[in-house]
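1. below: sequence and its predicted model.
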2 protein chains.
Amino acid sequence: MLSEELKNLSGEEVRQLIREGKWRDATAGVASGFVQANILILPRKYVSDFMLFCIRNPKPCALIEVLDPGVTSPVNSCRNSDIRFDIPKYRVFENGRMVAEETDIANYWREDYVSFLMGCSYTFENALINSGISIRHIEEGKKVPLYSTNIACNSVSGIDVNMVVSMRPIPYKDLTKTIQITSKYPSMHGAPIHIGNPAEIGIEDINTPFLGDPVTIRENEVPVFWACGGTVYNYVEKLKCSLAITHAPSHMYILDVKDDDFREY
Amino acid sequence: MLSEELKNLSGEEVRQLIREGKWRDATAGVASGFVQANILILPRKYVSDFMLFCIRNPKPCALIEVLDPGVTSPVNSCRNSDIRFDIPKYRVFENGRMVAEETDIANYWREDYVSFLMGCSYTFENALINSGISIRHIEEGKKVPLYSTNIACNSVSGIDVNMVVSMRPIPYKDLTKTIQITSKYPSMHGAPIHIGNPAEIGIEDINTPFLGDPVTIRENEVPVFWACGGTVYNYVEKLKCSLAITHAPSHMYILDVKDDDFREY
């Protein structure tokens, strides 16, 4: 399917393609206008701590919805969906280490699993694109580059996690507008957390991302960094719980709610 | 102390007065510019459910901070404070029924208690006042009128709670500006949830509030309703846990963080 066609589908239409096994790619630029979510699925005993982690770290981990234990269908953010099948690619972790990538997680599911849906930067990317600001990783057909930083998240139960950020090169002439636009989506990571010199936030080599692909940064551009839901990968590594499941990086859960529902006025 | 003097004190200065027993009144208009919080203190076993309640109902119950079990001093939102002494008046509930009003809660404190701090409408009241929109209950020296409504909160663990709202009469000419200003504080209840006819949201008699005092509504004014942290009173009544502690209505916890810290841009 052409990217223009995918862009114009609804969240439900893309989920249907995924569930039928017809589409398994990264979701940037797909179902434009529909919110995409980071997900983390944890056994019930770890739920209270992770809720508190999200409450204390809303920039990387803003909660869109938390499902009841064992429930596989979101109640508020999308209908006619099953979180075990409707994401293009999953990662499965045992004791903090990735053990598998899967295209569904039916075989892993347990009645005490709780699913967390968290905001994703693709929401403000749509807004930037609509304002004429191009997104390099979409232009170049790559996955958004993510970096682990030296920025300490607020701790819960002694779990110390550094924040993961996403990076987009922005032309100097568009910097102010970029900050203004992304500020309107505080529950989708909002305004940048850092602008410029990557070393300031502990990034040694901008060409070697922690996850995703490196992208071109041009002479007239500055690297701009946003808090990222990829922080859950650092959390899961530290948590070392028996089993945890996430989306694969850049392979998000596409919902029915719209970007506009999360715009502040 | 004159109200003008109280208005110009810092959060820490007012807490010091309270801790020394020199001041015990409702906090509207006090320490202007400093955030005031609704509080709820619950035994640890009830914490996960109430966190989820707040996540699912951010309009009435937006979390500012959740303290670790047994911790009595907020880490991020105010320093040099002890939540057991620094609120002018507390309410103590046993099995959902109020059993005492107290000026400190030292005798009730247990190591497994968790304190929740939640946003309060006094933040946007300051912003309205600064824009020349008068707040009737402050004008009349009364407590803000709160009403229980027919608006169902999103449920957690089978606890069904109706939303409590606050009401301020606003002149028709200021209605648009009022919505614009309060929209800037989404984590402090944000925009109104209802404007006009109280019966629409299940309020039978506007002159008989659930909590607080009735205020004058003039010919050229419309009653405007905001989601309210007083919703915790309905939650506690339904929860029926052995012990729960809140601030007394209108007697809030005054923090060090500023209203501006919660303004969205």
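-> Sure thing, it's come through.
2. what about residue A:237, is that helix, strand or coil?
-> Counting by DSSP: H, G, I helix; E, B strand; the rest coil, the backbone at residue A:237 sits in helix.
3. that should have said residue A:30, apologies.
-> Residue A:30, by the three-state scheme (three-state DSSP), is coil.
4. so what's it closest to, chain neighbours aside?
-> Leaving aside its sequence neighbours, residue A:30 sits nearest to residue A:6 (C-beta to C-beta, 6 or more residues apart in numbering or on different chains; 4.7 Å). In short, each C-beta sits where N, CA and C put it, glycine included.
5. now the strands for the stretch 1-150 of chain A?
-> Secondary structure of the stretch 1-150 of chain A (DSSP state E, counting those that start in this stretch): strands at A:34-43, A:63-66, A:90-94, A:97-102, A:113-118, A:146-152.
6. got the angle for the fifth one vs strand A:34-43?
-> Here strand A:113-118 points in a direction 150 degrees away from that of strand A:34-43 (axes from the mean of the first three to the mean of the last three C-alpha atoms, to 10 degrees).
7. how about residue A:104, phi and psi?
-> Phi and psi for residue A:104, reported as degrees, to the nearest 10, are phi -150, psi 160.
8. would CSV of the strands of the stretch 1-150 of chain A with mean pLDDT be doable?
-> CSV is the format used below for the strands of the stretch 1-150 of chain A (pLDDT from 0 to 100):
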stretch, mean pLDDT
strand A:34-43, 97
strand A:63-66, 97
strand A:90-94, 97
strand A:97-102, 97
strand A:113-118, 98
strand A:146-152, 98
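9. nearest residue to residue A:123 in space, please, no chain neighbours.
-> residue A:188 (3.9 Å).
10. for chain B, which of the strands of the stretch 1-150 of chain A is the nearest?
-> Using C-beta to the nearest C-beta as the measure, strand A:63-66 is the one of the strands of the stretch 1-150 of chain A that comes nearest chain B, at 5.2 Å.
11. read off the pLDDT value for residue A:192.
-> Confidence at residue A:192, expressed as pLDDT, is 98.
12. quick check: the residue in the stretch 1-150 of chain A that chain B sits nearest to vs residue A:157, distance?
-> Across the stretch 1-150 of chain A, the shortest distance to chain B (C-beta to the nearest C-beta) belongs to residue A:48, at 3.9 Å. As judged by C-beta to C-beta, to the nearest Å, residue A:48 and residue A:157 stand 9 Å apart.
13. what of residue A:15?
-> As for residue A:15, its distance to residue A:157 is 34 Å (criterion: C-beta to C-beta).
14. so stretch A:248-265, near chain B or not?
-> Yes - for a cut-off given as C-beta under 8 Å from any C-beta of the partner chain, stretch A:248-265 has contacts with chain B, namely A:264-265.
15. ok, residue A:75 - contacts?
-> Shown in contact with residue A:75 (C-beta atoms under 8 Å, 6 or more residues apart in numbering or on different chains): A:65, A:67.
16. need the pLDDT of the nearest residue to the residue of the stretch 1-150 of chain A closest to chain B once chain neighbours are set aside.
-> Spatial nearest neighbour of residue A:48, excluding adjacent residues (C-beta to C-beta, 6+ apart): residue B:48 at 3.9 Å. For residue B:48, the model assigns a pLDDT of 96.
17. with residue A:1 instead?
-> Confidence score, pLDDT, at residue A:1: 60.
18. likewise the one 10 residues further on?
-> Listed pLDDT for residue A:11 reads 97.
19. that one touches residue A:79, doesn't it?
-> No - the pair residue A:11 / residue A:79 is not scored as a contact, 9.9 Å apart, by C-beta atoms under 8 Å.
20. so where do the helices sit in chain A?
-> Applying DSSP state H to chain A gives helices spanning A:3-7, A:11-19, A:47-56, A:122-130, A:136-139, A:175-183, A:231-239.
21. circling back to that earlier point, next up, the contacts around the residue of the stretch 1-150 of chain A closest to chain B.
-> Each residue near residue A:48 by C-beta under 8 Å, 6+ apart is listed here: B:47-48, B:51.
22. cutoff 10 Å now
-> A:114, A:156-157, B:44, B:47-49, B:51-52 (C-beta atoms under 10 Å, 6 or more residues apart in numbering or on different chains).
23. got CSV for the residues you listed, with distance to residue A:83 too?
-> Formatted as CSV, the contacts of residue A:48 follow (distance: C-beta to C-beta, whole Å):
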residue, distance to residue A:83
A:114, 11
A:156, 24
A:157, 25
B:44, 29
B:47, 25
B:48, 20
B:49, 21
B:51, 21
B:52, 17
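24. quick check, nearest of those to residue B:120?
-> The nearest member of the contacts of residue A:48 to residue B:120, counting by C-beta to C-beta, is residue B:51 at 18.5 Å.
25. was I right about the closest one contacting residue B:65?
-> No - Residue B:51 lies out of contact with residue B:65 (C-beta atoms under 10 Å); the separation is 11.9 Å.
26. which neighbours do these two share?
-> By C-beta under 10 Å, 6+ apart, the residues touching both residue B:51 and residue B:65 are A:55, B:116.
27. more crowded one of the two?
-> Between residue B:51 and residue B:65, residue B:51 has the larger neighbour count (other C-beta atoms under 10 Å in any protein chain shown), namely 24 against 19.
28. quick one, what contacts the nearest residue to residue A:67 once chain neighbours are set aside?
-> Distances taken as C-beta to C-beta, 6+ apart place residue A:115 nearest to residue A:67, at 4.4 Å, with adjacent residues excluded. By C-beta under 10 Å, 6+ apart, residue A:115 lies in contact with A:37, A:39-42, A:47, A:65-74, A:83-84, A:245, A:253.
29. let's see 6 Å
-> Neighbouring residues of residue A:115 by C-beta atoms under 6 Å, 6 or more residues apart in numbering or on different chains: A:41, A:67, A:83.
30. what bridges to the first one?
-> Right, residue A:41. residue A:115, residue A:245 (DSSP bridges).
31. do you know the pLDDT at the residue in the stretch 101-250 of chain A that chain B sits nearest to?
-> Here the stretch 101-250 of chain A gets closest to chain B at one residue, residue A:183, 4.7 Å apart by C-beta to the nearest C-beta. We have a pLDDT of 96 for residue A:183.
32. next, count neighbours for it.
-> Counted with other C-beta under 10 Å, residues neighbouring residue A:183 total 15.
33. contact partners for it?
-> Per C-beta under 6 Å, 6+ apart, neighbours of residue A:183: A:190-191, B:265.
34. which positions in the stretch 51-200 of chain A make contact with chain B?
-> Taking C-beta under 6 Å from any C-beta of the partner chain as the contact definition, the stretch 51-200 of chain A meets chain B at A:51-52, A:55, A:63, A:66, A:183, A:186.
35. so which of these is the most crowded?
-> Neighbour counts for these (other C-beta under 10 Å) peak at residue A:51, which has 24 neighbours.
36. ok, it - contacts?
-> residue B:51.
37. any chance of the contacts of residue A:115 in JSON lines, with neighbour count and distance to residue B:208 too?
-> Converted to JSON lines, the contacts of residue A:115 look like this (neighbours: other C-beta atoms under 10 Å in any protein chain shown; distance: C-beta to C-beta, whole Å):
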{"residue": "A:41", "neighbour count": "23", "distance to residue B:208": "47"}
{"residue": "A:67", "neighbour count": "20", "distance to residue B:208": "39"}
{"residue": "A:83", "neighbour count": "24", "distance to residue B:208": "46"}
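38. which one among those gets closest to residue B:165?
-> Nearest to residue B:165 among the contacts of residue A:115, counting by C-beta to C-beta, is residue A:67 at 27.8 Å.
39. what count of nearby residues applies to residue A:131?
-> 12.
40. so who does it touch?
-> With contacts defined as C-beta under 6 Å, 6+ apart, residue A:131 is in contact with residue A:181.
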